[in-house]
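Student: Sharing a model that was predicted from the sequence below.
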Amino acid sequence: MGKSAATTSSAASSSYGGGGTHPASSSSSSSANDPSDNKHEQRLQAVLLADTFTNAFYPITLEPYDGDAVNNNFNTTISYNTTNTAGAAAATGVQDPRPLILCPINNVPLLHHTIDFLQGNGVEELFILCALGAESLERYIRCHAEGGGGSGSGSGNIAAAAAGSGSGGMKSNNFASSINSDGGGGSGCANKIVWSSKLMISIVRITDCTNAGDALRELDRRNVIKSDPFILMQGDVVTNVDLHEAMICHTQRKKKDAAAIMTVLLKDVGGWGLNEDDYVDDVNEGEENEEDDKANQGEEKKDENDGHHQAPRGTITYHGSSGNFLPPLRSSTDDLLLALDTTHSNRILLWDSHPQNANAALPSIFFHENSSNITVSRNYLDVGIDICSPDVLARFSDEFDYRELREQFVANCVSEEESGLQSARIYAHILNTSRGEYAGRPLGDMRRYHQVSMDLLRRWCYPLVPDNYHHHCSNIGSGGSQVIQRKSASYVRERHFIYRDVMSTTKVGAGSGMDPTTSSHNRSHLGRSTQLLGPLLLGPNNSIGERCLLQRSVLGPNCTLLDGCSIVDCHLWGNILVEEGAVLEGVIVCEGAIIRKGAIVERGCVVGRGCIVGEGVRLREFTRITCAAEVNDEDDDDYSGFSDDSSNEEDSEDNDDDLEDEDEDDDDDGNEVSKSTEATSSQKATDVITNHEVVGKDGIGRVYVPAPSDEYDSDDDEEEAEAEAMELMKSQSIGYDMKLVYQKWKKLQMVEEDDGFSLDERDSDEDDSMMYMDDEWTNDDAAATNMRSSVSNSHLGDDGMQITGRQKGVDVVKELRDICLEHETSTPVENLRIELNSFKFSQNATYADCCTGAMMAVMEKIFEESAGDSIPTPGKLVGSLKKMLDYWGALFNSICMGMEEEKAIIYALETMALGPVEGKAASALMQEPAFRFVLQTLHDQEIVNEEAIFAWASERRGEGKDSPLGSLFWQKPTQDFLEWLDEDESSGEDDDDSDSE
Amino acid sequence: MIPPSSHLAANLDDPHNVRRWLQTYHPKQLALLNNFEISLRLGRFSTRGCDGTDSGSSAQQQQQQASSSSKYQYGKERRVITTRTVELLRSIIGSTRWGTAAQLLTLLRGLGNELHAAGGYREPAIGNMVRRIMYAVRDEADRAPVMATSTSTTTTTENAHKMEVLTEQLASTNLRATRALSLSSVLWAHPQHITMKHSRQPSGSVDYSDRMLALTDSSDSTGAGGGSGGGDLSLGADTSASTHYYACYPPHYYNRRDDLRQSVMEAIQEIMSELEDLHKNINEQAVQHIHAGEIILTYALSKTVELFLKAAAAKKRKFQVIVCEGSPHFGGHAMAKSLAGAGIDTTVIHDAATFAIMARVNKVLLPAHAVLANGGLIAPSGCNMVALAAKQNSVPVVTVAGMFKLCPMYPHEGQDTLNDLISPSSVIDYSLLGDPVLSEVEFVNPVHDYIPPQLIDLYVTNIGGFQPSYIYRLLAEYYHSDDWDVFE
């Protein structure tokens, strides 16, 4: 009968024609369960990079995480929830760190938003690449999947309601069995989980990967990505974008041009808008007019090029910033500078996210192209969603050393274009913010976490607002027709963006299938004299005492705030007790933590899972405390003592906790003495190392100290590295003033500028460079043009030039120097010349660069040879220099083509002398006659001739005596030398050699 | 892996089981539902206002469609959503295995809950469609004879027989009771009028159980028999919960009817064709309301209003239209363009000029988001101001709305009724919020206004023109009072 009815309906739908698609056929084609369905259209696939491969959320993501705690967010049946699950986790022997994407934002794990977003955009198969906490993630997904193992969302809760307090046990059984079952399946391959009838999730474990590049290569190796395009998404994105349009554009582009392999989503978040005094932007594009007018700085500049014959047929639009503020969504570690070709559907021409780069270069070939409008902007935020063709993965496999998706892959793809080697075009899709499209990356760091969280509460991401939550359309129990407990839309919006759980006000259905304990827990209490301000989200089952102040905060489920607390800019993740008079400002408090009476937790702090901040303690700003063990001992399964607690009654639980905590403290005290002798072999749950001087006598938790980054040079001071890491951590915490970050960047850029000044090939004279460009242009055969158009940032003048056609991040001079240093002096110098020459060509360097590098190498060798710490006297210096030049002279002779190169040698010397790093070299060269002697020696050896020296001298004449650049020049011996040289030249050239001897 | 409680899912006796029921028996239909819900939740229907052709809503198909309308207008083309809803319901109802009217009603109620939770509360028309189909089901179940096809247990039939005999005379007075001969059908004859008071109480469950006690015999036995198996009712909590729901419906709803499906599908088709002919029916009345030489003021963008005006213009009426631009979405601009394209004399004013210009206006034409039970109107934000200005100047306010916008609910929340705050992006550019001072400012962007009935003079609907005071009467024609509850 059912069948006949079905045919009836489908007949109806097709015959009446109201709905074009046949309902039955569409449903069959979309049935995700059937793997043989592939012969139809390829289902849209997506890749989610669940790890950001950063430690911004340490120590939270280091703490052990048991899957069921997640239910916290949904099940209101929580007492201190780890009760049953801890048992389950222990039973299965899983102690896995918390995956980043399971961190709750506004009381919902980010994963749910992500999956919703992808599902809403038609993704039918999702691959989650997960390194850290893959076990937890899989368990979680299985547990919440509709069709997969574990209890379905609805049934689980009904069962919970029906079976009362046994629910936890039932769930844990499910966990156990599901884990067991997939244990047999083999962990190597991705297990498919049916999340809903539309979406299949595979978790790809990439435990050995430490960066996005490795992860994508691993994915490519598995050869699972078939759909073109697929969506590549970072795990930390919250957005409401409709990808529909971007996908269409991408597909159309791809059809026309196979090289258009990627579309990157960007959002305009506004630029850096600090004081205009210390923030001056000028577009310094070769032949373009200098815009000095600061008043115009904020506005778009559309300058038609003014008729130079080499002028590209296009315009540059610079989006400066306006106003006086900082873009709140920006990361504290990258500073994205973009150039977009707006005529060609926003093709990306430049991608530079290094904050320390003061300069950026735009290949001139982009100006050739017909009527290109190039927009250079720092206002864009990388959303973290890309629409890619599978070629992208192949590209990653080819370039085995790419680690980062953005800094390396995108940046290089974009800059490689002009060399014509591999053409991969990357386009940008800019979110239409006026349509309400929003994107934020809350898990990049905690400052942004707070910002995005508040933005969500302020409804910027509109359909994604708490009163529209729908993760778990399940109902827990059911009353009559009126009183129905639903998890969906359980938040109601009140004035001033205050959201409260509706269950706190709804009466629980009488006599329904509700678990009595559940119902008693479902009542939230809010003290009448408590002040609620600003965006605020109050989860279910909270109890808030009198005279509290809550502002810009998120309270998870089961938080208890006693009288007189102050919670501002905080995120309380659930099951938290804050005792009387505690003050929290800008803090993330993880599950199960306790803040004791009168404690003050300052901005930027993190209180980890199960930590306790003792009575009256003042936790200094940017302190992160955790119960997690040190990063190194992985197999350590310690955890605070809550797990043993099985009481459901909240009050008694608190007491229990108290008792137990004290026990633990005692243990700790005892252990701390014995630990020094004891090997760290078997650690018990109570074995949490506690910094009592920080968290107080009755506190639990150690201070997390960020590990210094690996990239730091080993010869750098250890302390400095730690300080750096600490500073980075602070900048990623709530409440950090981004102005400081900006200032730091500025300083970095200053350093870069100083370095760059002497290291880079330089044309301080604008006319020179123009000439240079003119020449190049006229001889141009479109392959490698050297027209440099540089866009210099902020305070930088016009002298920051960078060579195009060069690999990103390569310091050519340094490389050249290293080549020289590594050269075996036993082999003929001709070999070195060839080597330098080839490198020069590969990086589009000049002979001047080679000279600089070689000179620096020579000097360095000299200092290396001069024994010990003693600074060689000028005489000695010259002696050894002469010796060196016996060998190296030939090289210089062959690579010094003219004045440019000779000048470069002098600059190199100058750099050595003034350089900020080489202390020994600098001091040796700065000794009074040393520079003169060296100069004279070079002159005598006919490596540098008078003209070059005079050219250098005339440049330096303008410098003050006190300025670093002028100091060498104004040295008395140097002046003498120059004078002598001057006379010498005028008197006659014959005597040169004899005089110097 | 089957969850331990999955045997419960077999029962279509509780609206809250619907999802599980679908999951167990009709995964494909569940997929449709899921898809619809996601689109609804993410607001995709308003951004991708298509012409309602891809009811299958397979994402791949959607992608291949050219993005025909990229203009973002919140809630534009509400009829599309409504049509989609009906299509969804049709495909689910048409292809799932329900046996009785009661089961079908439970299914519908469950679907209503689902859709409501997924964002349907923002589009009241969705709930309205579910209610209308429920009404159609009740209508069919009441109309047709129960006897012949009853497959319930013998006790039920016997009971029913007994009751028929007992109540024949009583029932003869009642039209519906003669169709369904039972004591209960007498008591339930016109539930709209008889049981309304009870069912609207919050403690409805208690009420039902009381009533159930009165009908112990029949309802208990039918309860067990009407479901797909008495053995399912194993857990106490669930049994009690489900019996409450049994009590919702008259006993003869639990009888299996083979022809019910066919007639329900026909009823749904009627609704569909009503939606299709909606604008045609409304526009037929255009010339009655828009007279030559009049100055009509309208607010922002509305498909219904636009077509209404164009229909009048097509009849060679000469009139002038003033369009309020409808900040911050500025739908008025698109509206003006469209109207001017049809040869109508169009003027755009900014919203603040409304009051000043009202003195020259002959008639105000307002769009509708929902029409409420008291005759009030939910309209785009800003319309209340227009209506008040019109009242001040005694300008008649006419609202054009399809009957699918009629909601059985009362605006007890004032301006918050059916209202929503959307992203403030149209009010202020996000990139300006880096300013620490500005970031402390609250930016609020409400979507709708509630306009009380006394400010509205006439509703022009697809079934004719009505005064606000008559609206409550229409409710009884469209919805069964037991279905009035807001979907939870």
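Tutor: Done, it's in. Residues are numbered from 1 along each chain as shown, chains lettered A, B, ... in the order given.
Student: Check what pLDDT the residue nearest to B:Lys315 when sequence neighbours are not counted gets.
Tutor: Leaving aside its sequence neighbours, B:Lys315 sits nearest to B:Val287 (C-beta to C-beta, 6 or more residues apart in numbering or on different chains; 5.1 Å). Any C-beta I mention is one placed from the backbone N, CA and C, and that applies to glycine too. pLDDT for B:Val287: 92.
Student: Give me the phi and psi angles of B:Val287.
Tutor: phi -70, psi -20 (degrees, to the nearest 10).
Student: Would you quantify the distance from A:Val47 to A:Glu138?
Tutor: The gap separating A:Val47 from A:Glu138 is 16 Å, by C-beta to C-beta, to the nearest Å.
Student: now do B:Val398
Tutor: Per C-beta to C-beta, B:Val398 is found 59 Å from A:Glu138.
Student: do the same with A:Gly564
Tutor: Distance from A:Gly564 to A:Glu138, counting by C-beta to C-beta: 43 Å.
Student: Could you look up the next helix or strand downstream of the helix or strand of chain B with the lowest mean pLDDT?
Tutor: In chain B, no helix or strand scores lower on mean pLDDT, DSSP states H and E than helix B:59-64, which sits at a mean of 35. Once helix B:59-64 ends, the next helix or strand along the chain (criterion: DSSP states H and E) is helix B:78-95.
Student: So what does whichever residue of the stretch 301-450 of chain B sits closest to chain A have for phi and psi?
Tutor: As assessed by C-beta to the nearest C-beta, chain A sits closest to B:Ser431 within the stretch 301-450 of chain B, at 2.9 Å. Phi and psi for B:Ser431, reported as degrees, to the nearest 10, are phi -70, psi -10.
Student: quick one: buried residues of stretch B:19-30?
Tutor: Neighbour counts over stretch B:19-30 (16 or more other C-beta atoms under 10 Å in any protein chain shown) mark B:19-30 as buried.
Student: Would you point out the most distant pair within these?
Tutor: B:Arg20 and B:Lys28 (15.3 Å; C-beta to C-beta).
Student: What residues are bridge-paired with B:Leu406?
Tutor: Following DSSP bridges, B:Leu406 is listed with bridge partners B:Val371.
Student: Just to check, it is in contact with B:Glu477?
Tutor: No - using C-beta atoms under 8 Å, B:Leu406 is not in contact with B:Glu477, being 9.5 Å away.
Student: The two: which is more packed in?
Tutor: Set B:Leu406 next to B:Glu477 and count neighbours by other C-beta atoms under 10 Å in any protein chain shown: B:Leu406 wins out with 26 against 11.
Student: Pull the contacting residues for the more buried one.
Tutor: Each residue near B:Leu406 by C-beta atoms under 8 Å, 6 or more residues apart in numbering or on different chains is listed here: B:128, B:370-371, B:471, B:474-475, B:478.
Student: Of the residues you listed, which is the most crowded?
Tutor: Within the contacts of B:Leu406, B:Val371 tops the neighbour count with 30 neighbours, counted by other C-beta under 10 Å.
Student: Tell me how many other residues surround the residue of the stretch 601-750 of chain A found nearest chain B.
Tutor: Residue nearest to chain B within the stretch 601-750 of chain A: A:Met738 (8.8 Å; C-beta to the nearest C-beta). A:Met738 has 18 neighbouring residues, counting by other C-beta under 10 Å.
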